[in-house]
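Asks: Fold the following, please.
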Amino acid sequence: MGAPERAEPRANPWFPFSPCTVAGCLPRRPAAAGTVRRSARWAALAAVLSAGVALSPMVRRLAPARRAVLVRRWCGAIATALGVRVRVTGGPAAGPALVVANHVSWLDVPLLAAVAPGRMVAKREVGRYPVLGRLAARGGTLFIDRERLRSLPGTVAEVAGALRAGSTVVAFPEGSTRCGRELGPFHRALFQAALEAGVPVQPVAIRYRAHSTADTADTAGGPGVTDTAEAVDTRAAFVGDDALAASLRRVAAARGLVAEVTVLPPLPPGAHPDRRALASAAREAVEAALGTGARAAAAWSPAA
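Replies: Next up, the predicted model:
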């Protein structure tokens, strides 16, 4: 998982950079749910997280198939607890794959874990997050030190090893979060792991929208969800100098927030000659799913 980065470019040109800021991207007065509904969401989230911490040692001892089902349900329950409706299109490929998605929010992580579960690639600081860091480590997260370029080959080798062992690995190749209005460059390094392991790359597009109707049933395109045209909603975005606590409060207070997760057809192994071409093909697939608004950012990245 990427994290909000400051808007200023860093001295290291390889470090992921996002132009998105709290002042420039987040709504100043977002539509908010009532006090009772917000309180209920906080209580539900606390219950879900507490259950995850308490039960994780037992769940780790279960058979992989059973464990995967419970983890998917638990991650889906996080979005439900926060009142976020989830619309899913498509499904994950059979067998191990490198799943790559655009990155908007910390909420992307449980959404992907519920839809296309796998071992997550995250910055090492995530391991220090309260509660979430412990759960991430127990879930087999592969932590990456983005400030030490020389550690990158080791990370690629670790990801390739996990893929060869039969694990699906989930990564955010933009390396940092953006507000959802545009798509950043896809850094190429982790695509090398898919090439070395001989597994497909499965692109996933994530978009947050504001629903125009009042909160009703939390379904994936079922009753209570209409197909009105909505603009990209930045309330879930986790960018710039945003704090995790502030972002949590904003999502818990959001009225009519919808997360759209589009799982795109996998790019088969051998279809692209190198990581540059593979990263470009994955980005183009996500860009097409998100629409023309994603075309504002350049597709090239200097990442190794």
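Asks: Can you show me the helices along the stretch 151-300 of the chain?
Replies: Per DSSP state H, counting those that start in this stretch, the stretch 151-300 of the chain carries helices over the ranges 152-164, 189-197, 244-253, 275-290.
Asks: As TSV, those with mean neighbour count and mean pLDDT would be great.
Replies: From N, CA and C alone the C-beta is placed, and that goes for glycine too. As requested, the helices of the stretch 151-300 of the chain are exported to TSV (neighbours: other Cβ atoms under 10 Å; pLDDT from 0 to 100):
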stretch	mean neighbour count	mean pLDDT
helix 152-164	18	90
helix 189-197	23	95
helix 244-253	18	92
helix 275-290	20	96
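Asks: which one of these lies closest to A33?
Replies: Among the helices of the stretch 151-300 of the chain, helix 244-253 comes nearest to A33, with 5.9 Å by Cβ to Cβ.
Asks: Just list what that closest one packs against, helices and strands only.
Replies: helix 35-60 (3 or more Cβ pairs under 8 Å, 6 or more residues apart in numbering; DSSP states H and E).
Asks: buried residues in the helix it packs on?
Replies: Judged by neighbour count using 16 or more other Cβ atoms under 10 Å, the buried positions of helix 35-60 are R38, R41, W42, A44, L45, V48, L49, G52, S56, V59.
Asks: Identify the residues contacting A259.
Replies: For A259, the contacting residues are A79, V84, R85, V86, R87, L107, L111, I206, R207, Y208, A236, by Cβ atoms under 8 Å, 6 or more residues apart in numbering.
Asks: Sorry, wrong one. I was asking about A197.
Replies: P96, L98, A160, G161, L163, R164.
Asks: Give me the spatial nearest neighbour of H272, chain neighbours excluded.
Replies: L278 (4.2 Å; Cβ to Cβ, 6 or more residues apart in numbering).
Asks: Over to P200?
Replies: Using Cβ to Cβ, 6+ apart and skipping residues adjacent in sequence, the residue nearest P200 is P266, 3.8 Å away.
Asks: just checking, that neighbour touches Q202?
Replies: Yes. Shown here, P266 and Q202 form a contact pair, counting by Cβ atoms under 8 Å, at 4.4 Å.
Asks: Identify the contacts common to these two.
Replies: With Cβ under 8 Å, 6+ apart, P266 and Q202 have common neighbours A93, A97.
Asks: Lowest-scoring secondary structure element of the chain by mean pLDDT?
Replies: Every helix and strand of the chain was ranked by mean pLDDT, DSSP states H and E. The lowest is helix 132-138, at a mean of 65.
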